[in-house]
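Trainee: sequence and predicted structure, then a few things I'm wondering about:
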Amino acid sequence: MAGKPKLHYFNGRGRMEAIRWLLAAAGVEFEEIFIKTPEDLDKLRNEGSLMFQQVPMVEIDGMKLVQTRAIFNYIATKYNLYGKDIKERALIDMYAEGVADLGEMLLHLPLCPPDQKDAKTTQIKERITNRYLPAFEKVLKGHGQDYLVGNKLSRADIHLVELLYSVEELDPSLLANFPLLKALKTRVSNLPAVKRFLQPGSQRKPPMDEKNLEEAKKIFRMQ
């Protein structure tokens, strides 16, 4: 019997958080092996564990998977979160890529120079309220179903709900005009596996703070 997936990353959200969410929503227990120093990262590289010299890396089913989208697709396929046919998978991919585009903006916001942060935050809020959230609200309104694709939970829903939590952390008022998205957030959050993940003490990581940011910069030699 295969052991628990092992997640190799630093002790913060970054690009691993969406993988944590996906595994948690699938009800899969996982272990985390934290990269704490640049030397820890070098060790993974030198032993050949990182195909492109980068993390996240997930050990699962005898493989060492890198590249976030490849990891998403494997987990989603394995745990039946990737639609019933090629058309549904195309929609799931399309929605997930939209989530990723906005997610990248939020991911890079803490790295923004202080004198540019207000302008960048304003731009992101504009994109949230005028581009991304209206698009997803329209999908839900258009088919009148509980989930984005096929009226069944998929990785697109999980990624979107994770994003909605991040949007609320930025500014809770941004969700005010999107009742169907708020309902989706509540629906997914109340699924038993997700509910456990949202409880204090779970493997979900808190928002990036200055200490966390400095730790990441040291590990990845971003200074």
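Mentor: Everything's here; your move.
Trainee: next one: the top helix by length along the chain to chain centre, how far?
Mentor: Ranked by residue count, the top helix of the chain under DSSP state H comes out as helix 86-108. Distance, stretch centre to chain centre, for helix 86-108: 10 Å (Cα atoms, centre = their mean, to the nearest Å).
Trainee: quick check: which helices or strands does the helix or strand following that helix pack against?
Mentor: As assigned by DSSP states H and E, the chain's next helix or strand after helix 86-108 is helix 114-127. Judged by 3 or more Cβ pairs under 8 Å, 6 or more residues apart in numbering; DSSP states H and E, the packing partners of helix 114-127 are helix 86-108, helix 155-170. Just so you know, the C-beta spots here come from the backbone N, C-alpha and C atoms, and that holds for glycine as well.
Trainee: buried stuff in helix 114-127?
Mentor: By neighbour count on 16 or more other Cβ atoms under 10 Å, the buried set for helix 114-127 is 121, 124.
Trainee: could you give the angle of the next helix or strand after it to helix 155-170?
Mentor: Where DSSP H and E defines the elements, the next helix or strand beyond helix 114-127 is helix 133-143. Put simply, helix 133-143 runs at 140 degrees to helix 155-170, going by axes from the mean of the first three to the mean of the last three Cα atoms, to 10 degrees.
Trainee: residue 105 contacts residue 125, doesn't it?
Mentor: No. Using Cβ atoms under 8 Å, residue 105 is not in contact with residue 125, being 10.2 Å away.
Trainee: which other helices and strands does the lowest-mean-pLDDT helix or strand in the chain contact?
Mentor: Ranked by mean pLDDT, DSSP states H and E, the helix or strand of the chain with the weakest confidence is helix 210-219, at a mean of 87. Contacts defined by 3+ Cβ pairs under 8 Å, 6+ apart place helix 210-219 against helix 38-46.
Trainee: can you list contacts of the helix it packs on?
Mentor: 8, 35, 50, 53, 55, 57, 218-221 (Cβ atoms under 8 Å, 6 or more residues apart in numbering).
Trainee: so which of the residues you listed is the most crowded?
Mentor: residue 55 (24 neighbours; other Cβ atoms under 10 Å).
Trainee: any idea how far that one is from residue 194?
Mentor: For residue 55, the distance to residue 194 equals 25 Å [Cβ to Cβ, to the nearest Å].
Trainee: with residue 142 instead?
Mentor: The value you get for residue 142 to residue 194, if Cβ to Cβ is used, is 25 Å.
Trainee: so for these two, which residue has more residues nearby?
Mentor: The residue with more neighbours, out of residue 142 and residue 194, is residue 194; 21 against 8, by other Cβ under 10 Å.
Trainee: ok so the more buried one is a strand residue?
Mentor: No. Counting by DSSP: H, G, I helix; E, B strand; the rest coil, residue 194 is not part of a strand but helix.
Trainee: kindly state the domain boundaries assigned to the protein.
Mentor: Annotated domains of the chain cover 6-79+197-220, 86-190 [the TED database].
Trainee: run the chain-centre distance for stretch 127-138.
Mentor: Using Cα atoms, centre = their mean, the offset of stretch 127-138 from its chain centre is 18 Å.
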